[in-house]
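Participant: here is the input, now give the coordinates:
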Amino acid sequence: MIFCTVITENYLPLAQVLHQSLVQQQPGTRLIILVADRQEATQKGNADLLGLNDLVNAPFFREIENKYAHSNKDVLRWALKPVLLGHLLQSGHEKVAYADPDLFFTGDFNFIADLLNEAAVVLTPHWADLDLRRNDDSIFSILRNGIFNAGFVAAERKGLPAIHWWAGMCHF
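Facilitator: This next block holds a predicted model:
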């Protein structure tokens, strides 16, 4: 399984710390970093960097780039998560996990690959209280932010239809 993240260049130090945390748990773990404010990525250290030009043939890339690249770099970065996941799965990787660059792994993460043996996509929920009797504000949080947190998502090839659906929703 490989990991990936999407950043703007100023977040490269966070992505490097994410990578270090992965390698500390499992030496040789690969992290692919998409730099969303660069057309061509420049190699820095042992990082596996991609630029926007590396995604030109990925489904929904052009539509998302045309919609967000010139208006909101944060939204562009968020919308490119499923594009990058789909691109890596279609490029021959069996299992891919997306992790935001502010995550840090402190233990064995092999259970994620094991979960992908049973499910095509692994999602993490927001921790909103779904019992409105205890917290009626939680419904607004769910409506605003969704039930699932896109800060960590993992998929295997059979999950491509769901990843492409997500990319389509990001374009919408």
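Participant: check contacts around the residue most central in space within the chain.
Facilitator: Residue closest to the average C-alpha location in the chain (Cα atoms, centre = their mean): Tyr98, at 3.4 Å. Taking Cβ atoms under 8 Å, 6 or more residues apart in numbering, we find Tyr98 in contact with Phe3, Cys4, Thr5, Val6, Lys81, Leu84, Leu85, Ala150, Phe152, Val153, Ala154. Every residue, glycine included, has its C-beta placed from N, CA and C.
Participant: again, only using 6 Å
Facilitator: For Tyr98, the contacting residues are Cys4, Lys81, Leu85, Val153, by Cβ atoms under 6 Å, 6 or more residues apart in numbering.
Participant: which one (most neighbours) among these?
Facilitator: Within these, neighbour counts (other Cβ atoms under 10 Å) peak at Leu85, which reaches 28 neighbours.
Participant: ok, how many other residues are close to Pro59?
Facilitator: 19.
Participant: for it, what are phi and psi?
Facilitator: phi -60, psi 140 (degrees, to the nearest 10).
Participant: partners of the biggest strand by length in the chain, with directions?
Facilitator: Secondary structure of the chain per DSSP state E: the longest strand is strand 148-156. Its sheet considered, strand 148-156 pairs with strand 95-99 (antiparallel), strand 121-125 (antiparallel) by DSSP bridges.
Participant: hey, what's the residue nearest to the residue nearest to the centre of the chain when sequence neighbours are not counted bridged with?
Facilitator: Excluding its sequence neighbours, the residue lying closest to Tyr98 (Cβ to Cβ, 6 or more residues apart in numbering) is Val153, at 4.7 Å. For Val153, the beta-bridge partners are Tyr98, Leu123 (DSSP bridges).
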